[in-house]
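K.L.:
got a structure for you, letters missing:
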């Protein structure tokens, strides 16, 4: 029983199958009887209703083979549609470019050119860089961005995660976050073994979904984020972005 066929389709197929079995008793080298010939005429005049595609086969092929090919064509069509959808999804990955973060010596990989970059100073004279771009490859606008802090006379050795959590707590207040999944710690960066990473998921007061990942090493803090109307759907693209932080010298 093929769930892709309607009840009407299944009844037609049963009728055709019985006709085919009756017709098969006639050898090709013999002259068919009137009854067998009638069965064959019925086969030629009967159309198989297929929900996705009405297949019309012509030629001298045996009617039973036509039926089998019709069923095969339907399965092949479904396979091709799924393959096409998978291919189109794979083609939605944006092109990443390595983007320097001001004059900090750090850089990150962004999906496209940055649309906004700023630099400011904190009260302790640390430099704070912000960089952001918008990507629409997934069918909606998603913001990719980063806040990079070049700390003044601060060494983060052994306190990387503590400083990240404190700074990300501060950002949650600034961004009006009302729900958070909770910090996931213990992340590492292959291009900078001393870096420590922290991951979290946020929902702000306007209903915007955030995925945020922070990195800290030596005297630099990265906070990378993606936010949009829903969780960003392409996991591979998100991983390239979040693991694309490059500290000075990398």
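P.N.:
Looks like it came in fine. These figures come from a predicted structure and were not determined experimentally.

K.L.:
How is the protein divided into domains?
P.N.:
7-90, 96-242 (automatic domain parsing).

K.L.:
List the buried residues for stretch 201-219?
P.N.:
202-203, 208-219 (16 or more other Cβ atoms under 10 Å). Bear in mind the C-beta positions are built from the backbone N, C-alpha and C, glycine included.

K.L.:
for the protein, what spans make up the helices?
P.N.:
Residue ranges of the helices in the chain, as given by DSSP state H, are 7-23, 34-45, 63-90, 160-174, 235-242.

K.L.:
any idea which of these scores lowest on pLDDT?
P.N.:
Among the helices of the chain, helix 7-23 carries the lowest mean pLDDT, at a mean of 50.

K.L.:
Could you give the number of residues near residue 117?
P.N.:
15 (other Cβ atoms under 10 Å).

K.L.:
Likewise for residue 184?
P.N.:
There are 12 residues near residue 184, going by other Cβ under 10 Å.

K.L.:
what's the answer for the one 3 residues further on, then?
P.N.:
Residues near residue 187, counting by other Cβ under 10 Å, number 16.

K.L.:
Name the nearest residue to it, sequence neighbours excluded.
P.N.:
Counting by Cβ to Cβ, 6 or more residues apart in numbering, residue 187 lies nearest to residue 197, which is 2.9 Å off, once chain neighbours are set aside.

K.L.:
Please report the distance of residue 195 from residue 220.
P.N.:
According to Cβ to Cβ, to the nearest Å, residue 195 and residue 220 sit 9 Å apart.

K.L.:
Equivalent analysis for residue 160, please.
P.N.:
Distance from residue 160 to residue 220, by Cβ to Cβ: 10 Å.

K.L.:
Likewise for residue 191?
P.N.:
Distance from residue 191 to residue 220, by Cβ to Cβ: 13 Å.

K.L.:
Between those two, which is the more surrounded one?
P.N.:
For residue 191 versus residue 220, neighbours defined as other Cβ under 10 Å are more numerous around residue 220 (23 against 11).

K.L.:
is that one in a bridge, and if so with what?
P.N.:
Following DSSP bridges, residue 220 is listed with bridge partners residue 150, residue 217.

K.L.:
Going forward, the N-terminal residue is numbered 588.
P.N.:
Noted, 588 is the first residue going forward, which turns the last one into residue 807.

K.L.:
give the contact list for it.
P.N.:
691, 693, 735, 736, 737, 738, 743, 834, 835 (Cβ atoms under 8 Å, 6 or more residues apart in numbering).

K.L.:
do the same with residue 705
P.N.:
Residue 705 touches 716, 717, counting by Cβ under 8 Å, 6+ apart.

K.L.:
can you tell me how far it sits from residue 833?
P.N.:
Counting by Cβ to Cβ - residue 705 and residue 833 are separated by 20 Å.

K.L.:
got it, and residue 782?
P.N.:
Taken as Cβ to Cβ, the span from residue 782 to residue 833 is 10 Å.

K.L.:
Over to residue 743?
P.N.:
Residue 743 is 17 Å from residue 833, by Cβ to Cβ.

K.L.:
and if you look at residue 741?
P.N.:
20 Å.

K.L.:
ok, the two, which is more surrounded?
P.N.:
residue 833 (20 against 15).

K.L.:
Contacts only, for that one.
P.N.:
Contacts of residue 833 (Cβ under 8 Å, 6+ apart): 685, 693, 694, 695, 696, 778, 779.

K.L.:
Please name the bridge partners of it.
P.N.:
residue 694.

K.L.:
cool, residue 704 as well?
P.N.:
Residues in beta-bridge contact with residue 704 (DSSP bridges): residue 718.

K.L.:
thought it was touching residue 717?
P.N.:
Yes - using Cβ atoms under 8 Å, residue 704 is in contact with residue 717, at 7.0 Å.
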